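[1] Quick one, what's the 3D model for this:
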Amino acid sequence: MTTQQLEGGCLCGRTRYRVSGTSLSTIICHCVSCRRASGAESVAWMTFPMSAFEHLAATPKGFNSSEGITRTFCPECGTSLTYQDSVGTTIDVALATLDDPGLIVPTKEIWLSDRIAWHALNPDLKTCLQGSDTCGSDDSG
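    This is a model prediction of the structure:
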(Lines give C-alpha, C1' and ligand atoms only; values in the text may rest on other atoms or scores of the structure.)
Protein backbone atom coordinates (compact mmCIF):
# COMPACT_ATOMS: atom_id res chain seq x y z
CA MET A 1 0.00 0.00 0.00
CA THR A 2 1.28 3.42 -0.92
CA THR A 3 0.57 6.84 0.62
CA GLN A 4 1.10 9.67 -1.86
CA GLN A 5 -0.48 12.30 -4.07
CA LEU A 6 -0.72 11.40 -7.75
CA GLU A 7 -2.12 13.19 -10.77
CA GLY A 8 -3.20 11.95 -14.14
CA GLY A 9 -5.57 12.46 -17.01
CA CYS A 10 -6.69 11.58 -20.47
CA LEU A 11 -4.88 11.50 -23.81
CA CYS A 12 -6.01 14.97 -24.94
CA GLY A 13 -5.43 16.59 -21.53
CA ARG A 14 -8.99 17.86 -21.14
CA THR A 15 -9.82 15.65 -18.14
CA ARG A 16 -7.42 15.75 -15.17
CA TYR A 17 -7.62 14.23 -11.68
CA ARG A 18 -5.69 13.87 -8.43
CA VAL A 19 -5.69 11.02 -5.90
CA SER A 20 -4.23 11.42 -2.43
CA GLY A 21 -3.61 9.03 0.42
CA THR A 22 -3.27 5.29 0.59
CA SER A 23 -4.34 3.04 -2.26
CA LEU A 24 -6.53 0.18 -1.06
CA SER A 25 -5.44 -2.16 -3.84
CA THR A 26 -3.58 -2.28 -7.14
CA ILE A 27 -4.65 -4.95 -9.60
CA ILE A 28 -4.60 -5.97 -13.23
CA CYS A 29 -8.06 -7.03 -14.38
CA HIS A 30 -8.65 -9.44 -17.26
CA CYS A 31 -12.48 -9.41 -17.17
CA VAL A 32 -14.42 -9.07 -20.41
CA SER A 33 -16.03 -5.80 -19.29
CA CYS A 34 -12.67 -4.11 -18.59
CA ARG A 35 -11.19 -5.38 -21.84
CA ARG A 36 -14.10 -4.12 -23.93
CA ALA A 37 -14.27 -0.75 -22.14
CA SER A 38 -10.56 -0.14 -22.71
CA GLY A 39 -9.90 -1.94 -25.97
CA ALA A 40 -6.92 -3.63 -24.31
CA GLU A 41 -6.12 -7.17 -23.16
CA SER A 42 -6.29 -6.08 -19.50
CA VAL A 43 -6.56 -2.96 -17.35
CA ALA A 44 -4.43 -2.05 -14.34
CA TRP A 45 -6.46 -0.32 -11.60
CA MET A 46 -5.69 1.30 -8.27
CA THR A 47 -8.48 1.66 -5.73
CA PHE A 48 -8.88 4.67 -3.44
CA PRO A 49 -11.56 5.91 -1.06
CA MET A 50 -13.85 8.34 -2.95
CA SER A 51 -12.73 11.08 -0.56
CA ALA A 52 -9.18 10.75 -1.93
CA PHE A 53 -10.21 11.51 -5.53
CA GLU A 54 -10.79 14.92 -7.12
CA HIS A 55 -11.25 16.28 -10.62
CA LEU A 56 -8.82 19.06 -11.57
CA ALA A 57 -10.16 19.80 -15.05
CA ALA A 58 -13.22 18.83 -17.12
CA THR A 59 -15.42 16.18 -15.53
CA PRO A 60 -15.46 12.94 -17.53
CA LYS A 61 -18.60 11.40 -18.99
CA GLY A 62 -20.11 8.39 -17.21
CA PHE A 63 -21.38 5.16 -18.74
CA ASN A 64 -23.29 2.46 -16.84
CA SER A 65 -21.44 -0.57 -18.20
CA SER A 66 -23.47 -3.04 -16.13
CA GLU A 67 -25.97 -2.92 -13.29
CA GLY A 68 -24.55 -0.78 -10.48
CA ILE A 69 -21.29 0.00 -12.32
CA THR A 70 -20.29 3.37 -13.79
CA ARG A 71 -17.17 3.78 -15.87
CA THR A 72 -15.94 7.24 -16.81
CA PHE A 73 -14.08 8.42 -19.87
CA CYS A 74 -13.03 11.67 -21.48
CA PRO A 75 -15.85 12.89 -23.75
CA GLU A 76 -13.29 14.39 -26.14
CA CYS A 77 -10.69 11.63 -26.68
CA GLY A 78 -12.42 8.59 -25.13
CA THR A 79 -9.72 7.66 -22.58
CA SER A 80 -11.09 5.23 -19.98
CA LEU A 81 -10.44 6.79 -16.55
CA THR A 82 -12.39 5.30 -13.63
CA TYR A 83 -14.64 2.48 -12.43
CA GLN A 84 -17.17 2.89 -9.59
CA ASP A 85 -19.86 0.69 -8.11
CA SER A 86 -23.18 2.09 -6.91
CA VAL A 87 -22.10 1.96 -3.25
CA GLY A 88 -19.78 4.86 -4.07
CA THR A 89 -17.29 4.50 -1.23
CA THR A 90 -14.31 3.71 -3.48
CA ILE A 91 -13.12 4.59 -6.96
CA ASP A 92 -10.82 2.58 -9.21
CA VAL A 93 -8.50 4.72 -11.33
CA ALA A 94 -6.85 3.36 -14.48
CA LEU A 95 -3.14 3.17 -13.60
CA ALA A 96 -1.99 3.91 -17.14
CA THR A 97 -3.68 7.34 -16.98
CA LEU A 98 -1.31 8.52 -14.23
CA ASP A 99 1.31 11.08 -15.25
CA ASP A 100 3.89 8.60 -13.95
CA PRO A 101 2.29 5.12 -13.97
CA GLY A 102 5.61 3.47 -13.11
CA LEU A 103 5.27 4.72 -9.53
CA ILE A 104 2.57 2.13 -8.77
CA VAL A 105 3.09 -1.61 -9.11
CA PRO A 106 0.09 -3.96 -9.22
CA THR A 107 0.03 -6.74 -6.62
CA LYS A 108 -2.28 -9.24 -8.32
CA GLU A 109 -4.06 -10.22 -11.52
CA ILE A 110 -7.77 -10.94 -11.33
CA TRP A 111 -10.42 -12.54 -13.53
CA LEU A 112 -7.99 -15.01 -15.06
CA SER A 113 -11.06 -17.02 -16.09
CA ASP A 114 -11.60 -14.30 -18.75
CA ARG A 115 -7.93 -13.82 -19.70
CA ILE A 116 -7.05 -13.91 -23.39
CA ALA A 117 -4.83 -16.98 -23.88
CA TRP A 118 -1.99 -15.11 -25.60
CA HIS A 119 -1.64 -12.55 -22.78
CA ALA A 120 1.25 -13.64 -20.54
CA LEU A 121 0.85 -13.36 -16.78
CA ASN A 122 3.39 -11.71 -14.51
CA PRO A 123 4.83 -14.59 -12.43
CA ASP A 124 5.58 -12.19 -9.55
CA LEU A 125 1.90 -11.32 -8.99
CA LYS A 126 -0.76 -13.17 -7.04
CA THR A 127 -3.52 -14.51 -9.32
CA CYS A 128 -7.27 -14.94 -8.91
CA LEU A 129 -9.59 -16.90 -11.20
CA GLN A 130 -12.30 -14.31 -10.64
CA GLY A 131 -12.44 -11.17 -8.49
CA SER A 132 -10.04 -10.37 -5.66
CA ASP A 133 -12.32 -11.99 -3.12
CA THR A 134 -11.65 -15.38 -4.76
CA CYS A 135 -7.97 -15.44 -3.89
CA GLY A 136 -8.16 -14.86 -0.15
CA SER A 137 -6.30 -11.54 0.13
CA ASP A 138 -7.18 -8.40 2.04
CA ASP A 139 -6.87 -6.39 -1.21
CA SER A 140 -10.05 -5.61 -3.12
CA GLY A 141 -10.40 -4.74 -6.73
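
[2] Pairing partners for the most centrally placed residue in the chain in the sheet, please.
    Centre of the chain computed as the mean C-alpha position; nearest residue by C-alpha atoms, centre = their mean is W45, 2.5 Å away. Beta-bridge pairing of W45, defined through DSSP bridges, involves I27, A94.

[3] Same question for the one 4 residues further on.
    Following DSSP bridges, P49 is listed with bridge partners T90.

[4] next one: S66
    According to DSSP bridges, the partner residues bridging S66 are I69.

[5] since we're on it, how many residues are nearby?
    9 (other C-beta atoms under 10 Å). Where C-beta positions appear, they are placed from N, C-alpha and C, glycine not excepted.

[6] State the distance from it to K126.
    According to C-beta to C-beta, to the nearest Å, S66 and K126 sit 25 Å apart.

[7] what does A44 give?
    Computed with C-beta to C-beta, the distance linking A44 and K126 is 14 Å.

[8] So for those two, which residue has more residues nearby?
    Summary of the neighbour comparison: A44 and K126, criterion other C-beta under 10 Å, with A44 having more neighbours (23 against 16).
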